[in-house]
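**Student:** dropping the sequence and predicted coords here.
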Amino acid sequence: MEFKRFKSGNNFSIGVELELRVLDKTNLLPINEYEYIISNIDKKFKNNITKEFLDSMLEINTPVFYDEKQLILYLKEIISNINGILKNKNLLLQTNGTYAQKCTNINISDNKRYKEIYDEHKALLKNFSICGTHVHIGFKDFEKALKAYNYSIYYLPLFVALSASSIYYDGEDTGIHSFRTKIFERLPKASIPEYFDTFEQMQNLYNLLEDSEVINSTKDVWWDVRIQPELKTLEFRVCDASNDFDRLELIITLFKLICKLSQNEELIKMPMQILKQNLWSATRYSMDGKMITKNGVVKIRKMLKDIIKKGLEISFYDKQSYDKAIKIVEDKSISQQMIELYKETKDLKKIEELGVFK
C-alpha cells in the first residue's frame, strides 16, 4: 500500500456506491442470486456491479459524472435492468439501511477478503445485514480534498438525518432511526475520524496501521468520511441506503456543496465528544435531531435549510432545485415514515416493501 499525495484529479466530479439486497418476493427473505444477475445483466453494466459482504447483496458502482441528474438517471437505468432480470425469478431488489425482519438466511459471500474480515471481527459482524450509500466527490489535488475532509466532519450528522432508514432491525424496533450507523460503529476502524492538519499526518497514520498489519490497503479504514488517493476523491460513507431518488439526489448535491464551501470558508473544528453527540442525535432522532454549535443548540432541519439557502445565494441551486430540496427537508425522514407505517400495519414485511425498487 502506498498512501499518495495525488494531483490532476477531476474537480467536483461525483460517483456513488449503492448497496442493495435481493429478496424472495413471496416471503421477502434474502436470497443469493448474484451469479444469475451478473450472467444476465446488460453488458454495459457488467463492470458496475460487484459482490457485497453478504451473498444476498450486491453493490452498484456508478461511472464518474459531473451532473447529479445524469447520475440519478444512470442509477434508474441500471436498477431497471436488474429488476427486469429478477422478475423472471419472482425476486425483488430492495434497500433499507437495515433488514427489518428476523435475520435469517444471512450468509457471508465466498470472497477471501470478506472471510478474513469476518475472521477478525467475529460476533461484531453477526447479522451484518446493512445497506449504505457512499458518495465520492473528486478533487484536483490532495490539499483541496484534505480541506474538504476536515470541514465536512462537523456536518456529517445532517446526512445521517436525511438518509436514516434503519429503525427496524432483526425483528425489533430499535428506537434508533439510523441503527445501521450504530451497527457499523462496532468495528474498530469505523465511525467519526479525527482531524488532520497535513498530508504527512494522515500518511503517517496509514503507514503505521499497515506496518502493524492492521490494514492492507486504504479500503480497510472505514471512517464515515475518508480520502481515497487512488480514486482522487473524498468518500462520504455515513448515509443509510434508500430507494428515494429525489432524496439521494439532494444528498449528493449537498455533499458537493459542502465540498465547495470548504474551499473558502473557515473550518469549524469541534471537540470529539461534541461531534459524537451530534452524530448520536441524528442517529437517534433523524430529522428531529439537534446539533450543538458554537452559537448554541440548533435543530437539524434549520441547519439544512440554512446550508441549502447558502447554495441558492451562490447560484449552486436554482430556484426550482432549492424549492425541491426544502420540501424534502421539511418532510419526514424515511425512518419516520417507517414508524407511521408500522403503527398502522404492525407488519415488518411492509417495512421491507417500503425499500423495494418498483
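**Tutor:** Now that the structure is in, tell me what you want to look at.

**Student:** what about residue 15, which helix or strand?
**Tutor:** strand 14-24 (DSSP states H and E).

**Student:** what's the first helix or strand after that strand?
**Tutor:** Proceeding N to C from strand 14-24, the next assigned helix or strand is helix 34-40, under DSSP H and E.

**Student:** let me see the contact set for residue 330.
**Tutor:** For residue 330, the contact set (C-beta atoms under 8 Å, 6 or more residues apart in numbering) comprises residue 301. Backbone N, C-alpha and C define where each C-beta goes, glycine included.

**Student:** and the pLDDT at it?
**Tutor:** For residue 330, the model assigns a pLDDT of 98.

**Student:** likewise for residue 17?
**Tutor:** pLDDT, read off for residue 17, is 98.

**Student:** same deal with the one 10 residues further on?
**Tutor:** Here, the pLDDT recorded for residue 27 equals 95.

**Student:** so is the nearest residue to residue 163 once chain neighbours are set aside in a helix, a strand, or just coil?
**Tutor:** What sits nearest to residue 163 in space, not counting adjacent residues and going by C-beta to C-beta, 6 or more residues apart in numbering, is residue 239, at 3.9 Å. With DSSP: H, G, I helix; E, B strand; the rest coil as the basis, residue 239 sits in strand.

**Student:** which strand residues bridge residue 239?
**Tutor:** With DSSP bridges as the criterion, residue 239 is bridged to residue 133.

**Student:** what sits against the residue nearest to residue 142 when sequence neighbours are not counted?
**Tutor:** Nearest in space to residue 142, with sequence neighbours left out and distances taken as C-beta to C-beta, 6+ apart, is residue 5 at 4.6 Å. With contact taken as C-beta under 8 Å, 6+ apart, residue 5 is in contact with 141, 142, 199, 203, 229.

**Student:** distance of the residue nearest to residue 191 when sequence neighbours are not counted relative to residue 197?
**Tutor:** Leaving aside its chain neighbours, residue 191 sits nearest to residue 185 (4.6 Å; criterion: C-beta to C-beta, 6+ apart). Applying C-beta to C-beta, to the nearest Å, the value for residue 185 to residue 197 is 25 Å.

**Student:** settle it for me: which of the two has more neighbours?
**Tutor:** Just comparing residue 185 and residue 197: by other C-beta atoms under 10 Å the higher neighbour count belongs to residue 185, 16 against 9.

**Student:** any idea of the pLDDT on that one?
**Tutor:** According to the model's per-residue confidence, residue 185 sits at a pLDDT of 95.

**Student:** hang on, the earlier thing: the residue nearest to residue 163: neighbouring residues, count only.
**Tutor:** Residue 239 has 30 neighbouring residues, counting by other C-beta under 10 Å.
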